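*Asks:* give me a 3D structure for the following:
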Amino acid sequence: MARAMKDSGIEWIGVIPEEWKVVRGKTVFRQRNEKGNSICLQLLSPTQKYGVVPQTEYEQLSGMKAVKLDVAADYAQLKTIHEGDYCISLRSFQGGFEYSKYEGVVSPAYQVFYPYIGCNEGYYRYLFKDKTFIDKMNSFTLSLRDGKNIAFSDFANTYIPFPPVGEQASIAAYLDTECARIDAVIEKTRASIEEYKKLKQSVITQAVTKGIRPGRKLKDSGIEWIGEIPEEWEKKKLGQLCSFHNGDRSSNYPSPEDFTDTGIPFIGADALNGRYVDTTASKHISQEKYDNMGGLKIKHGDILYTLRGSTIGKNAYSDFDGGAVASSLMGIRVASNHVTPVFIYYWMNSGQEFIQRDLCINGSTAPNLSAEDVKQYILFIPPITEQFGIINYLDNMIPEIDALIEKKNLIISEIESYKKSLIFEYVTGKKEVAEVV
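*Replies:* Got it, this is the predicted structure:
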């Protein structure tokens, strides 16, 4: 028999089981403002992806370096967070509230809170990562541009479900099992995508460094990590074949108020997601602003290349004229009759580019390159007619691999949507654990 339901009276929650309560956040949780810590407590990093983890563990997991605190006085200003506490920050609200399994300290920017009446921590960990709950919290940050952060008081006055504690535990246990199963499928699918990406790079690398004609005569390139290359291919530095154009880095660089919904596209790294530059989600600037800017003015055939940040080396081919780029990007423009732009694009996505980029990267916290670094990249180029043959071969091979990757990404998207729906339905009581176990 279907369980009796009632209207919760709260829009984002909807109907709930008749025996459930809806209470304000402050009914279950209280804020913690302990300070005056000593350096014996470990520094923790609240993250959307990993939860609240030791800073050293975060560095290992993410590959990023966190800011170090060396002075005991700094610790005195940090907030204590205990095992079982939750925290809110300017960033973490976007991915829900974060849960700590550790004793330690966090930045004063974080707001720490803890349950002070009987409840199941697992249930609320799922509730606080539910998309509808996050959207509700997000509604309190509409004035974020004016510096508004989400405050504990916003959460404290928000209504949340409060099922019987025993049912909270059952829901948490069920979701632990189901989400672990779903996550395993997602992880396996992602691993498959990475294999396809490796295959794609391998196919490109083989074609642009060895050619596509088997049994040809080879010669030693003289470079250990390149090995043998076709006898008639010529050694060049990228700077001998291309010109390099940074984005405007002067006072003419666009400020937030210069961006418009229409006009000339202003390209960031988020537009470099495939072979071609995708301006669909790009910001725009007026023609007047564009005319007054220096730096790169995009031309058809330019390769836009990311010089710094987590997307360093990311690139795409421009099939249009007109546009400016963010200061973290530059344009690589073929300036020689001995090479085609598409061949250079494919080479920029080969393993040979990756090796040389890795050797040139500066900065451990924020990796970066300069145009001067990229100019020094060494490549071997075939005769122009052979370049066209290689391009034709890759133009046929690569879309097939990309289609397989896209299919896998679509599967992940569908599974993640199912997972979000599953969590919502159970944490709000739309589905009952007893019905499926």
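
*Asks:* can you pull out the helices in the protein?
*Replies:* Residue ranges of the helices in the chain, as given by DSSP state H, are 25-28, 55-62, 72-77, 121-127, 131-138, 152-156, 165-210, 238-241, 287-292, 341-347, 351-360, 371-375, 384-427.

*Asks:* tell me the most buried of those?
*Replies:* Burial of the helices of the chain is given as mean neighbour count (mean count of other C-beta atoms under 10 Å); helix 341-347 ranks first at a mean of 23. In this view, the C-beta of every residue, glycine as well, is placed from N, C-alpha and C.

*Asks:* pLDDT on that one, on average?
*Replies:* Taken as a whole, helix 341-347 has a mean pLDDT of 97.

*Asks:* averaging pLDDT over each of the helices of the chain, which comes out lowest?
*Replies:* Among those, helix 72-77 scores lowest, with a mean of 67.

*Asks:* wait, Pro163 touches Thr428, no?
*Replies:* No: the pair Pro163 and Thr428 does not pass the contact test of C-beta atoms under 8 Å, sitting 9.3 Å apart.

*Asks:* count of neighbours near Glu11?
*Replies:* For Glu11, the neighbour count with other C-beta atoms under 10 Å is 9.

*Asks:* quick check, pLDDT for it.
*Replies:* At Glu11, pLDDT is 93.

*Asks:* and it, backbone torsions?
*Replies:* Note on Glu11: its backbone torsions stand at phi -60, psi -50 [degrees, to the nearest 10].

*Asks:* just Gly301 next, same as before
*Replies:* phi 100, psi -10.

*Asks:* list the residues that contact it.
*Replies:* Applying C-beta atoms under 8 Å, 6 or more residues apart in numbering to Gly301 gives the contacts 317-318, 333-334, 341.

*Asks:* same thing but at 7 Å, please
*Replies:* 318, 334, 341 (C-beta atoms under 7 Å, 6 or more residues apart in numbering).

*Asks:* ok, now Leu296?
*Replies:* 245-247, 324-325, 330-331.

*Asks:* looking at those residues, which is nearest Ala207?
*Replies:* Gly331 (24.2 Å; C-beta to C-beta).

*Asks:* the closest one contacts His300, correct?
*Replies:* No: using C-beta atoms under 7 Å, Gly331 is not in contact with His300; the gap is 11.4 Å.

*Asks:* who's more crowded, the two?
*Replies:* More crowded of Gly331 and His300, by other C-beta under 10 Å: Gly331, with 26 against 11.

*Asks:* that one and Gln55, how far apart?
*Replies:* 38 Å (C-beta to C-beta, to the nearest Å).

*Asks:* just Gly429 next, same as before
*Replies:* Going from Gly429 to Gln55 by C-beta to C-beta gives 38 Å.

*Asks:* confidence-wise, which of the contacts of Leu296 comes last?
*Replies:* The lowest pLDDT within the contacts of Leu296 belongs to Gly247, with 90.

*Asks:* neighbours around the nearest residue to that residue once chain neighbours are set aside, how many?
*Replies:* The shortest distance from Gly247 to any residue other than its chain neighbours is 4.2 Å, reached at Val325 (C-beta to C-beta, 6 or more residues apart in numbering). Neighbours of Val325 under the rule other C-beta under 10 Å: 28.

*Asks:* for Val325, give its distance to Ile226.
*Replies:* Counting by C-beta to C-beta, the gap from Val325 to Ile226 is 30 Å.

*Asks:* mind jotting down where the strands sit in the stretch 1-150 of the chain?
*Replies:* Per DSSP state E, counting those that start in this stretch, the stretch 1-150 of the chain carries strands over the ranges 5-7, 15-17, 21-24, 29-32, 44-47, 51-54, 79-81, 86-88, 98-99, 104-106, 111-115.

*Asks:* could I get these as TSV with mean neighbour count, mean pLDDT and distance to Lys129?
*Replies:* What follows is the strands of the stretch 1-150 of the chain, written out as TSV (neighbours: other C-beta atoms under 10 Å; pLDDT from 0 to 100; distance: least, C-beta to C-beta, whole Å):
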stretch	mean neighbour count	mean pLDDT	distance to Lys129
strand 5-7	12	95	24
strand 15-17	17	96	19
strand 21-24	14	96	19
strand 29-32	18	94	16
strand 44-47	23	85	13
strand 51-54	20	86	10
strand 79-81	22	90	18
strand 86-88	26	89	11
strand 98-99	24	91	9
strand 104-106	23	88	18
strand 111-115	21	93	15
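
*Asks:* any idea which of the ones you listed gets closest to Asn396?
*Replies:* strand 44-47 (41.9 Å).

*Asks:* mind giving me the packing neighbours of that closest one?
*Replies:* Under the contact criterion of 3 or more C-beta pairs under 7 Å, 6 or more residues apart in numbering; DSSP states H and E, strand 44-47 touches strand 51-54, helix 55-62, strand 104-106.

*Asks:* what sits up against it?
*Replies:* Contact with strand 44-47 is made by 52-55, 58, 66, 81, 87, 89, 92, 98, 100, 102, 104-106, 110, as judged by C-beta under 7 Å, 6+ apart.

*Asks:* what pairs with that strand, parallel or antiparallel?
*Replies:* For strand 44-47, sheet partners with direction are given as strand 51-54 (antiparallel), following DSSP bridges.
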